[in-house]
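A.B. asks: Okay, predicted coordinates and the sequence, questions at the end:
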Amino acid sequence: MSACLLSLSACSTPPSIKPSVPYQENLLTKCPVKLPRINGVTGKDIAETLLILTPQYSECAARHNQLVDEINQRKEIKQ
C-alpha cells in the first residue's frame with residue numbers, strides 16, 4: 001500500500017471591514033462657495049457682513065469637523 005499525502009495551501013487576506021452605517025447626509029453637504037461681500041468701507045459695513053457670515057461659518061465648521069472625526073474613526077476600525 002502506498003501512502004498518499006494531500007497538501008492544501010491558500011492565500012488568506014483579511015476581510016475588508018465596511019462601515020455598517022453610511023455617512024450622515026448632512027455631513028456630505030458642501031459649504032457655500034459664494035459668500036456675501038462687504039458693501040462699504042465702514043466698520044458698520046464689515047459688522048453687517050460678519051453677522052451674516054458667522055452662522056454660516058459655525059454650521060460649516062461643525063459639519064466639517066464631524067466628518068473628519070467620522071473618517072478618522074472609520075480608519076481606526078480598519079486597522
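C.D. replies: Received the coordinates, thanks.

A.B. asks: my read: I38 touches L50, true?
C.D. replies: No. Between I38 and L50 there is no contact under C-beta atoms under 8 Å: 9.0 Å. For the C-beta atoms, the positions are set from N, CA and C on the backbone; glycine is no exception.

A.B. asks: Would you mind measuring from the residue nearest in space to the middle of the chain to A61?
C.D. replies: Per C-alpha atoms, centre = their mean, the C-alpha nearest to the average position across the chain is that of L67, at 3.2 Å. Distance, L67 to A61, by C-beta to C-beta, to the nearest Å: 11 Å.

A.B. asks: Kindly report the same for I71.
C.D. replies: I71 sits 16 Å away from A61, going by C-beta to C-beta.

A.B. asks: Next: L53.
C.D. replies: Distance from L53 to A61, by C-beta to C-beta: 12 Å.

A.B. asks: Kindly report the same for K34.
C.D. replies: Counting by C-beta to C-beta, the gap from K34 to A61 is 18 Å.
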